[in-house]
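Asks: Starting from these lines, generate the structure:
(2 chains)
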Amino acid sequence: MDGFGFKDTFSSITTDALLEALVVVVVAWLLIMLVQKLIPAFASKLSGKIRRYLLASVPLLRLLIIVLTIVTVVPILVEPSFENMVAVFGALGLALGFAFKDYANSLIAGIVTLYEMPYRPGDWIEVNGQYGEVRSIGTRAAEMVTLDDTVVVIPHSLLWTTLLANGNDGTDNLMCVAELFLDPNHDVARMQNLFRDAVFTCPLTKTYQPVIVTVSATDDAMRYRLKAYPLEPKEQSCFISDLTARAAAVCANEGVRMVSKRVTKPV
Amino acid sequence: MTNETAQDHPYLPGGLILLDQWKTPETSVRKSVRGALNDIVMQLRVGVSPEEQAFQSLDDLPVLAGEKLRAFAPEPDPGLLATALNEQLCQLQQAGTQRRNVSLLVAPPFSGVAEALRHSQRRKLTPPDNLFMTEQDAAAWWNEQLAGGDWVVPELADFWLRHQSGLNLLREFFARIALDKAGNGVVGCSSWCWQFWVQYLPELSLVPYTLAPLTGEQMTRWFDYLASDREGHKVAARMTHDGLYVLPAPEGKTTVKYSSFTQDLATLARGNRGVALAIWQRTLRARPEKDGEQEEKEPAIIAGRQCWVVALDQLSLPSAPHSVGRQPGHVLHALLLHGGLTTEQLHLVTSLPEQEVCLTLAKLLRADLVNLNQASGTYEVTPLGYPAVRKHLQDCGYPVDGF
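Replies: Okay, here's the model as predicted:
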C-alpha cells in the first residue's frame, strides 16, 4: 500500500475533517432529495415547455451537486497535491473497476445520458419490449411507467447495447396510430377521406401536426392506419380509443364490415 | 403595390392588412419577463384558491356604470365599422391588390367584424338550420344561396360543426371561392375557424385580410374617438394613483405627462380591440384615490368631462379553471372554433355527454369565462376571459389561432 502513497495521502485525516466531510455529504444528500421532490412537484403544477425543462433539470442539478460535493470533500480529507489526487482517484478507479464494474458502467452511461439525452423525463420510450413514460432519471437507472401503471427500472448501461425507441424525443409531439382491418371490396378513397375527417373532428387531435391515413392490402383485409398527434402524449390511449371508435362509426355508417386481426392472420 | 389600406380611419385604426403581416404589439423585455413570471405564479396559485377565478377589482373606488360608462367608453357602432370596412375593401380592389370576387376578412373574436358585416348593405347569407348535410345537399344549398346579387357571410364559423357530418357545407364553399366561382361576396371568418380550415385544407390558397392590431397609440386614439361626443368634445381620463393622462390622445408635442396604460393594455389584449375595450370599461372609475392630490401633480388640460382609470394590476381578470380532465378545454376550444354553441351542439362537437357539458359550463360561467347569449341561446367566451382562455388552450396543446 505504501507504494501507492496511501499512508501519506490519508495521514492528514482527522476526526474533525471526517465530521466536516460528513456534514458536507449530508447537506448534499438533503439538497439532492429536495431537488428530486420539489422540482417535479413544482413542474406538475405547470404546463407546456417550462414543465419539460424543469423535469429535465433534475438529473443535471443532481450531477452538479454530486460533482461539487466531491470537489469540496476531497480537499477536506486529503491535501490536494497532484500525487494525492492520482492516488485517490487511482484507488477509486480500481475499486469501481473490479468490485462495482456493472454499477460503474451504469453510472458512466448515466452521465452520457445527460449529455446525449436519448431520453428525458416525460419521453415515451420503448426498451426491450417495454413501453412507457420516463418518470425520472437516477444516477444508475431510469424509471419508466408503462401504460398499465407499472414501474420499470432501466439501468443506463443498457444504452450501450440496446436499441431504444423514443416516441416524442423531448417534445409534446407523439404520433399515435389507430389500426383497422376492413373487409375488402369497398371504396378505398372514400373511406380514407372519411377516416381523415374522423381524425380532424376528434377534439384530442393536434390539427397543426400532420394527419395521415394509409392503407395496405393484407391477405384477407384492407389494413388502414390512422396516424395523428394527440394534444398531449399522456393521452395516447384515450386518443387511439377515440379514433378507433370514430372510425368504427364511419364503417357502420358506410356498411363496411370491420374484421379482427385474428381472422386476418389465423393461428 | 400596396398591401395595406389607409391607416388613419378613426373607426379602423391601422386599416386592413394581409393576414401574414399581423404581429402582436411590441412590448419591452422587462414586461415580457414579468408577464411570464406572473403566468407561472398564476398557474401555481390555481387550485390553491379556486374562488379567485372570476373577475375582481382589487381597489374599492366607485366604478363607472350605466349612462356614464356608455358615455366614456361606448360600444363601437357596427354600422360605422361596416362603412369603414367597405371603403377599405373598395380601396384594395381599386389598387388592384384584391383581385378576387370574394373578399375574405379573418379576424379574432370580439373584433366586431361579424357585427359590422351584419350591418352591410349586401344580401346576407344565413346558415341553414341543419348543418349536417351530404355533399350533394351542400352543393345544392350553395347553388341556391349564391345565385343572385352580391352577398355577405357575416360569420363563416356559423356554417359548420366540428363533427363527422358537419364539414360538407364549408368544404363545398371553400372549393367554390378558391376557384372564384361564388359570385361577388364578402366573408367574415373567425380566426379560430380559419385556423382549423387551413389545417384541414392545406392546399387552400386564399389571401385573407385582417384588422391591424391596435398599438398603444392607436388604442388611445380609438378610445378618444369613441368617447368624443357629437360636437367633438373630448374626454379626459387619468390614472387614479398618479394622475397621469390616458385620454385625450396627445396632439403634437405636449408637456403633459401620459401614462403607459394603453401600451400595457395593447400587450395584454394582443392588439384585439374588443378585448381591450372590455378591459378598458372595467378600469374606469368615478374618482381618484385621493381627491385633489392628482390635480396638484398634473393640472387639468380639459375642462368638463373627466373620469379616472385604475391601473391594470388592480384588476384580477378571470383565470382558466384548474381541472384534471379535458372537459373545460374541449368546451372552451369548441366555443371559440364556432363562435358560440348550444349545449346540444357542444355535446355533438366535443363528444362529451350533455350532463357533463352542463357541469363544465356551470363551472366556466362561475369563473366569468363564458356567458349565455340570451338572444341566440348559445354559450360564448367572454372578452374579459379571452386572454386567459387562449393562453390556457395554448398551454394544453390545443390548436390556437394566430392572433
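
Asks: quick one: the strands in the stretch 51-200 of chain A?
Replies: Ranges of strands within the stretch 51-200 of chain A are A:124-127, A:130-137, A:141-146, A:151-155, A:164-166, A:176-182, based on DSSP state E, counting those that start in this stretch.

Asks: Now render the ones you listed as TSV, adding distance to chain B.
Replies: In short, each C-beta sits where N, CA and C put it, glycine included. Output for these, formatted as TSV (distance: least, Cβ to the nearest Cβ, whole Å):
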stretch	distance to chain B
strand A:124-127	15
strand A:130-137	16
strand A:141-146	17
strand A:151-155	21
strand A:164-166	19
strand A:176-182	13
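
Asks: possible to save those strands as CSV with mean pLDDT?
Replies: Below are the strands of the stretch 51-200 of chain A laid out as CSV (pLDDT from 0 to 100):
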stretch, mean pLDDT
strand A:124-127, 94
strand A:130-137, 91
strand A:141-146, 92
strand A:151-155, 93
strand A:164-166, 93
strand A:176-182, 96
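
Asks: The ones you listed: which one's closest to A:L18?
Replies: strand A:141-146 (30.4 Å; Cβ to Cβ).

Asks: CA atoms only: put the closest one into PDB for me.
Replies: C-alpha atoms of strand A:141-146 as PDB (Å, rounded to 0.1, in the frame of the first residue of the first chain):
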ATOM      1  CA  ALA A 141     -31.000   3.800 -13.800                       C
ATOM      2  CA  ALA A 142     -34.100   5.500 -15.200                       C
ATOM      3  CA  GLU A 143     -37.600   4.800 -14.100                       C
ATOM      4  CA  MET A 144     -40.400   4.300 -16.600                       C
ATOM      5  CA  VAL A 145     -44.100   4.000 -16.000                       C
ATOM      6  CA  THR A 146     -45.900   1.800 -18.500                       C
END
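
Asks: Can you tell me the number of residues neighbouring B:E67?
Replies: Residues near B:E67, counting by other Cβ atoms under 10 Å in any protein chain shown, number 8.

Asks: residues in contact with the closest residue to chain B within the stretch 101-250 of chain A?
Replies: Ranking the residues of the stretch 101-250 of chain A by distance to chain B (Cβ to the nearest Cβ) places A:L231 first, at 3.8 Å. If you count contacts by Cβ atoms under 8 Å, 6 or more residues apart in numbering or on different chains, A:L231 has them with A:204-206, B:326, B:329, B:396-398.

Asks: Switch the residues you listed over to a markdown table; also include secondary structure and neighbour count.
Replies: Compiled in a markdown table, those are given as follows (DSSP: H, G, I helix; E, B strand; the rest coil; neighbours: other Cβ atoms under 10 Å in any protein chain shown):
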| residue | secondary structure | neighbour count |
| --- | --- | --- |
| A:L204 | coil | 25 |
| A:T205 | strand | 23 |
| A:K206 | coil | 21 |
| B:R326 | coil | 20 |
| B:G329 | helix | 24 |
| B:C396 | coil | 19 |
| B:G397 | coil | 22 |
| B:Y398 | coil | 24 |
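
Asks: So in the chain, where's the weakest helix or strand by average pLDDT?
Replies: Picked chain A for this. When the helices and strands of chain A are scored by mean pLDDT, DSSP states H and E, helix A:261-264 comes last with a mean of 53.

Asks: My question was about chain B, not that one.
Replies: Among the helices and strands of chain B (confidence taken as mean pLDDT, DSSP H and E), helix B:293-297 ranks last, showing a mean of 59.

Asks: Can you tell me which residues in the stretch 251-400 of chain B are near chain A?
Replies: Contact residues, the stretch 251-400 of chain B versus chain A (Cβ under 8 Å from any Cβ of the partner chain): B:326, B:329-330, B:333-334, B:349-351, B:394-399.

Asks: Mind putting those into TSV with pLDDT?
Replies: Below are these laid out as TSV (pLDDT from 0 to 100):
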residue	pLDDT
B:R326	91
B:G329	95
B:H330	97
B:H333	97
B:A334	98
B:V349	97
B:T350	96
B:S351	94
B:Q394	92
B:D395	88
B:C396	89
B:G397	91
B:Y398	95
B:P399	96
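
Asks: A:L31: what's it in contact with?
Replies: A:I65.

Asks: Sticking with it, tell me its helix or strand.
Replies: Assigned by DSSP states H and E, A:L31 falls within helix A:15-44.

Asks: cool, and A:V213?
Replies: Going by DSSP H and E, A:V213 is in strand A:212-217.

Asks: and that strand with chain B, contact?
Replies: No. Shown here: strand A:212-217 not in contact with chain B (Cβ under 8 Å from any Cβ), separated by at least 12.0 Å.

Asks: Paired strands for that strand, with orientation please.
Replies: Within its sheet, strand A:212-217 is paired with strand A:222-228 (antiparallel), according to DSSP bridges.

Asks: Go ahead and measure how far the helix or strand that the strand it pairs with is followed by is from the middle of the chain.
Replies: On the C-terminal side of strand A:222-228, the nearest following helix or strand under DSSP H and E is helix A:236-254. In terms of Cα atoms, centre = their mean, to the nearest Å, the centre of helix A:236-254 is set 29 Å apart from its chain centre.

Asks: now check helix A:236-254, is it near chain B?
Replies: Yes. Counting by Cβ under 8 Å from any Cβ, chain B has neighbours in helix A:236-254: A:242, A:246, A:249-250.

Asks: just the buried members of those?
Replies: Burial by neighbour count, judged by 16 or more other Cβ atoms under 10 Å in any protein chain shown, picks out A:242, A:246, A:250 from the residues of helix A:236-254 next to chain B.

Asks: wait, doesn't the second one sit right on B:Q164?
Replies: This points to A:R246. Yes. Contact criterion Cβ atoms under 8 Å: A:R246 and B:Q164 qualify, at 6.9 Å.

Asks: tell me, what's touching those two both at once?
Replies: A:198, A:201.

Asks: Now the terminal residues of stretch B:149-169, how far apart.
Replies: End-to-end distance for stretch B:149-169: 20 Å, by Cα to Cα, to the nearest Å.

Asks: so B:V41 sits in a helix?
Replies: Yes. Counting by DSSP: H, G, I helix; E, B strand; the rest coil, B:V41 is located in a helix.

Asks: count of neighbours near it?
Replies: 10.

Asks: Likewise for A:T162?
Replies: Neighbour number of A:T162 under other Cβ under 10 Å is 11.
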